[in-house]
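Colleague: let's see this in three dimensions:
(one chain, ligands or ions: 2)
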Amino acid sequence: MPSARPTFDLVVAANRLPVDKVVTETGETEWRRSPGGLVTAMESVMRAQPGAWVGWAGDAGDAPEPFEEDGIHLEPVPLSAAEVRDFYEGFSNDTLWPIYHDVIVPARFHRDWWASYQTVNRRFAEAVAEVAAPGATVWVQDYQLQLVPALVRELRPDVRIGWFDHIPFPPVELFAQLPWRAQLLEGLLGADFLGFQRQADARNFVRACRQLLGAATKGDRVAVDHERQVRAAAIPISVDFRGLEALAKRPDVRARAKEIRASLGDPKVLMLGVDRLDYTKGIRHRLKAYEELLLEGRISPPDVTFVQVATPSRERVEAYRLLRTEIEQTVGRINGDLGHIGAPAVHYLHHSYPREEMAALFQAADVMLVTPLRDGMNLVAKEYVTCRYDLGGALVLSEFTGAWHELHQSFACNPHDIEGLKQAILRAMNTPAKDKQRIMRALRRRVSDNDVQRWASRYLAALAAAPERPAPDRYA
Ligand code: ADP
Ligand code: F6P
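Modeller: Ligands and ions are numbered 1, 2, ... in the order given. Predicted coordinates for the structure are as follows:
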């Protein structure tokens, strides 16, 4: 008799598991923390409660057996090499990602990528259906799995299904370009509750249902049929404020922050950028503003220096390859033209670092540059203020991030406006320390009051309270 598989009352499904399987040059298998904000947030939520996490282990081929990691039950889902190319790099990151981020680069549409997206979404739904206990809560994450809610509903009508969108949801004018727009909306409408980063994202979704499916809508609700309605609302994600603050306060992390500054020649102003190497993050715009400030003599190394940490990301997708080349050429040019021996103008690091090192970098930085052209939330901004328990530092934050909607007191910028961005950087440098402390205190209060634990409990409460049937005559 086959042994019964364990089942769980809470099942999270995300494209990635919190750890990536990496086979080293010597043939050994290592597990490394997966990149991105989704993992940062969900990992701390899942460590605090029992549940299963269904996701891809990050390499092509057979999936490892289910295993436990730091108290979380992990259920790996396999992707073949062709699926990594078509589902992950293709449809998820070369079709959906550009459409959902203002078409900063053109989106590419391929019918075989769509076929792969459908196949992989079905595989995720089947894996979820296997491990969900009767009446379980199933929490599907992000744009890679938009068909999963309806597929799970088909397989397991007894479970409650939520979906959370970690990235923006595009205006209908952009979303409508997708040849498979109706299927994506119908996939999402399989959920009981849909969560978004901003109200504007939730409204974009409701409008898309009305205009593209002809669905009846009222306020934040979409009627699926006479039986069911789905609510779409904003519940912005956050960071583990207390856990990260405790890490930042550790003596070894504080000592490392001092060491970082010393190794950079104790500059008067240390600027920092921390991003996945993604064209949405506005790294080029940031470098341009910095270069112009140097050229105009308004700042100069070694008094001012800039550290840009860029995590490798989606390296086989052409737009990412081009971006990497462009950023590395630009950094080379700026250093060639404006650096000095022992004092480069930009320190560029293309690596992932442990959490301790990130916390030390945040503490070391006088000005944090967060300049995306479009970003669902941007947890880096929230991590920076969390680590500044000393009330030091200043956050320059793009208006096009979800985080800006909560962190209004920061030094706001429109990264497309290079003059404006330069002014914001100068203001962040030159505002008197007392005023900066007041701003930092307000930013920290905001993140501390709305941390990731609060986000998860608000989300799960909204999912539990999701309406089952619409009252008659409630829809226009
Ligand atoms: P995204 O999800 O688009 O990558 P976020 O800013 O929301 O953007 O989240 C990025 C997460 O990845 C943060 O938790 C950040 O600290 C982490 N991170 C970014 N760069 C690095 C790096 N080089 N090493 C380790 N962690 C990183
Ligand atoms: O939230 C944005 C996001 O795309 C997550 O879905 C993803 O896990 C993360 O960024 C990193 O991207 P990737 O999984 O493609 O490396």
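
Colleague: export the helix or strand that contains residue 152 as CSV, just CAs?
Modeller: Using DSSP states H and E, residue 152 maps to helix 148-155. Taking Å, rounded to 0.1, in the frame of the first residue of the first chain, the C-alpha atoms of helix 148-155 are listed here in CSV:
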residue,chain,number,x,y,z
VAL,A,148,-3.5,28.1,-10.5
PRO,A,149,-6.5,29.5,-8.5
ALA,A,150,-9.1,28.2,-11.1
LEU,A,151,-7.2,24.9,-11.6
VAL,A,152,-7.1,24.3,-7.8
ARG,A,153,-10.8,25.1,-7.5
GLU,A,154,-11.6,22.5,-10.2
LEU,A,155,-9.5,19.8,-8.4
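
Colleague: residues near residue 349, how many?
Modeller: Residue 349 sits with 13 neighbouring residues when counted by other Cβ atoms under 10 Å. All C-beta spots, glycine's among them, are computed from the backbone N, C-alpha and C.

Colleague: so what's the residue count around the residue lying closest to it once chain neighbours are set aside?
Modeller: Spatial nearest neighbour of residue 349, chain neighbours left out: residue 309 (4.9 Å); criterion: Cβ to Cβ, 6 or more residues apart in numbering. By other Cβ under 10 Å, 20 other residues sit near residue 309.

Colleague: partner strands of the strand or helix carrying residue 9, parallel or antiparallel?
Modeller: Here residue 9 sits within strand 8-16, counting by DSSP H and E. The strands beside strand 8-16 in its sheet (DSSP bridges) come out as strand 52-56 (parallel), strand 132-141 (parallel).

Colleague: ok now the helix or strand following the helix holding residue 152, how far from the chain's centre?
Modeller: Heading C-terminal from helix 148-155, the first helix or strand you meet, by DSSP H and E, is strand 160-164. Relative to its chain's centre, strand 160-164 lies at 18 Å (Cα atoms, centre = their mean, to the nearest Å).

Colleague: can you check stretch 223-238 too?
Modeller: Offset of stretch 223-238 from its chain centre (Cα atoms, centre = their mean): 21 Å.

Colleague: now do the helices in the stretch 1-150 of the chain.
Modeller: Assigned by DSSP state H, counting those that start in this stretch, the stretch 1-150 of the chain shows helices spanning 37-47, 81-83, 97-100, 111-131, 148-155.

Colleague: same thing with the stretch 151-300 of the chain?
Modeller: 172-175, 181-188, 199-213, 241-249, 251-263, 283-295.

Colleague: just the CA atoms of the fourth one, as PDB, please.
Modeller: Extracted in PDB, the C-alpha atoms of helix 241-249 (Å, rounded to 0.1, in the frame of the first residue of the first chain):
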ATOM      1  CA  PHE A 241      10.800  44.500  11.100                       C
ATOM      2  CA  ARG A 242      11.600  43.000  14.600                       C
ATOM      3  CA  GLY A 243      13.700  40.200  13.200                       C
ATOM      4  CA  LEU A 244      15.700  42.400  10.900                       C
ATOM      5  CA  GLU A 245      16.100  45.200  13.400                       C
ATOM      6  CA  ALA A 246      17.500  42.600  15.900                       C
ATOM      7  CA  LEU A 247      20.000  41.400  13.300                       C
ATOM      8  CA  ALA A 248      21.100  45.000  12.600                       C
ATOM      9  CA  LYS A 249      21.700  45.600  16.300                       C
END
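
Colleague: quick check: mean pLDDT of it?
Modeller: For helix 241-249, mean pLDDT is 98.

Colleague: that one versus helix 251-263: what angle between them?
Modeller: Going by axes from the mean of the first three to the mean of the last three Cα atoms, to 10 degrees, helix 241-249 is angled at 60 degrees with respect to helix 251-263.

Colleague: residues making contact with the strand holding residue 9?
Modeller: Residues from elsewhere that reach strand 8-16 (Cβ atoms under 8 Å, 6 or more residues apart in numbering): 34, 36, 38-39, 42, 46, 49-56, 58, 73, 88, 92, 124, 127-128, 131-133, 135-142, 144-145, 148.

Colleague: would TSV of the helices of the stretch 1-150 of the chain with distance to residue 349 and mean neighbour count be doable?
Modeller: Listed next are the helices of the stretch 1-150 of the chain as TSV, based on distance: least, Cβ to Cβ, whole Å; neighbours: other Cβ atoms under 10 Å:
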stretch	distance to residue 349	mean neighbour count
helix 37-47	19	22
helix 81-83	30	14
helix 97-100	24	22
helix 111-131	32	20
helix 148-155	36	22
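
Colleague: quick check: which of those is nearest to residue 353?
Modeller: Of all the helices of the stretch 1-150 of the chain, helix 37-47 sits nearest to residue 353, with 13.0 Å by Cβ to Cβ.

Colleague: close to ligand 1, is that closest one?
Modeller: Yes: for helix 37-47, a contact with ligand 1 is found by Cβ under 6 Å from any ligand atom, at 37, 40.

Colleague: who's in contact with the residue of the chain found nearest ligand 1?
Modeller: Nearest to ligand 1, among the residues of the chain, is residue 37, at 2.5 Å (Cβ to the nearest ligand atom). Residues in contact with residue 37 (Cβ under 8 Å, 6+ apart) are 166, 237, 377-380.

Colleague: and what of residue 178?
Modeller: Residue 178 touches 95-96, 99, 109, 184, counting by Cβ under 8 Å, 6+ apart.

Colleague: related to what we said a few turns ago, Serialize the contacts of residue 37 to a markdown table and add fields for pLDDT and neighbour count.
Modeller: Formatted as a markdown table, the contacts of residue 37 follow (pLDDT from 0 to 100; neighbours: other Cβ atoms under 10 Å):
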| residue | pLDDT | neighbour count |
| --- | --- | --- |
| 166 | 98 | 22 |
| 237 | 98 | 26 |
| 377 | 98 | 26 |
| 378 | 98 | 25 |
| 379 | 98 | 23 |
| 380 | 98 | 28 |
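
Colleague: how about the residues of the stretch 51-200 of the chain by ligand 2?
Modeller: 142, 166-167.

Colleague: how about 8 Å then?
Modeller: Residues of the stretch 51-200 of the chain found near ligand 2 (Cβ under 8 Å from any ligand atom) are 88, 92-93, 97, 141-144, 166-167.

Colleague: thinking again about what came up before, the residue nearest to residue 349 and residue 360 touch, don't they?
Modeller: No: using Cβ atoms under 8 Å, residue 309 is not in contact with residue 360, being 11.7 Å away.

Colleague: for the nearest residue to residue 404 once chain neighbours are set aside, give its distance to residue 450.
Modeller: Spatially, and ignoring its direct neighbours in sequence, residue 404 is nearest to residue 397 (5.2 Å; Cβ to Cβ, 6+ apart). Remark: distance between residue 397 and residue 450 (Cβ to Cβ, to the nearest Å) = 16 Å.

Colleague: tell me which of these two has more neighbours.
Modeller: residue 397 (29 against 19).

Colleague: next SSE downstream of the helix or strand that contains the more buried one?
Modeller: Using DSSP H and E, residue 397 falls within strand 394-398. The first helix or strand that comes after strand 394-398 along the chain, using DSSP H and E, is strand 411-413.

Colleague: got the contact list for the helix or strand following that next one?
Modeller: Once the chain leaves strand 411-413, the next helix or strand it forms, by DSSP H and E, is helix 418-430. For helix 418-430, contacts defined as Cβ under 8 Å, 6+ apart pick out 269, 271, 285-286, 288-290, 292-293, 298-299, 304, 366-367, 369, 371, 394-396, 411-415, 436.
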